[in-house]
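Q: kindly generate the corresponding structure for this input.
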Amino acid sequence: MVTLLLDQTQLEIVLSPIERAASFHRDNVRLVRETITKVQLVDDAWAWLRGVPNPGTHIPGVLAAGTWKAAGSVDFVLIRRRRPSVVIDLSGDEQYRRLILTTKHGLALTQALRLDVSDQPADVEEIVATSPTPVSKGSRRPVIRPRPA
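A: Predicted coordinates:
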């Protein structure tokens, strides 16, 4: 799974050597933080996949990695099996319009994007864990009680 590093100006997706080979990327993917318009947590990232790999690796249901091109859109994709993922929509980025990443750190990313962070890149999990502002771990489910008769 990818590591997500965040600082005041950019989000960096750190790729392992295997992820670099599968996605045909030599370097990590770096985004200007201001280009991020929406972050969505999804259970099935395969439903968000659009276009064809160019260049990339595609083994249906197992792995999708690399640059995906569709009509008027270029996405960076790194999907592994049916695991929790994050979809990041971008506006004004030079390379991509969307990133689709399988990561267990999606919730931490959404929380870290709301916080003021330091000048040095840090893992989103560490940012959330050490934030002085309490960040909720999730919403509580409402209690549903039957109406009195």
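
Q: and residue 13, what element?
A: Using DSSP states H and E, residue 13 falls within strand 10-14.

Q: paired strands for that strand, with orientation please.
A: Using DSSP bridges, strand 10-14 pairs in its sheet with strand 3-6 (antiparallel), strand 29-32 (antiparallel).

Q: in the last one, what's buried?
A: To tie it back to what came earlier, the one meant is strand 29-32. Going by neighbour count (16 or more other CB atoms under 10 Å), the buried part of strand 29-32 is 29, 31. In short, each C-beta sits where N, CA and C put it, glycine included.

Q: how close does residue 119 get to residue 83?
A: 32 Å (CB to CB, to the nearest Å).

Q: between the two, who's got more neighbours?
A: Set side by side, residue 119 and residue 83 show more neighbours around residue 83, with 13 against 7, by other CB atoms under 10 Å.

Q: thought the more buried one was touching residue 102?
A: Yes - assessed by CB atoms under 8 Å, residue 83 is found in contact with residue 102 at 4.9 Å.

Q: report the central residue of this protein.
A: residue 86 (4.0 Å; CA atoms, centre = their mean).

Q: ok, now which ones touch that residue?
A: 39-42, 99-101, 103, 106, 109-110 (CB atoms under 8 Å, 6 or more residues apart in numbering).

Q: strands - which of these land there?
A: 39-42, 99-101 (DSSP state E).

Q: just to revisit the earlier point, just the CA trace of the strand holding residue 13, in CSV.
A: Extracted C-alpha coordinates of strand 10-14, given in CSV (Å, rounded to 0.1, in the frame of the first residue of the first chain):
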residue,chain,number,x,y,z
GLN,A,10,2.1,19.3,-1.5
LEU,A,11,0.8,15.7,-1.2
GLU,A,12,3.4,13.1,-2.1
ILE,A,13,2.4,9.5,-2.9
VAL,A,14,5.4,7.3,-2.1
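
Q: okay, buried residues for it please.
A: 11-13.

Q: ok, which stretches of this protein are strands?
A: 3-6, 10-14, 29-32, 36-42, 52-59, 63-70, 73-80, 85-90, 98-102, 122-123.

Q: could you list the low-pLDDT ranges of the chain?
A: 1, 117, 131-147, 149 (pLDDT under 70).

Q: quick one: contacts for the nearest residue to residue 95 once chain neighbours are set aside?
A: Leaving aside its chain neighbours, residue 95 sits nearest to residue 74 (6.7 Å; criterion: CB to CB, 6 or more residues apart in numbering). Going by CB under 8 Å, 6+ apart, residue 74 touches 67-68, 95-97.
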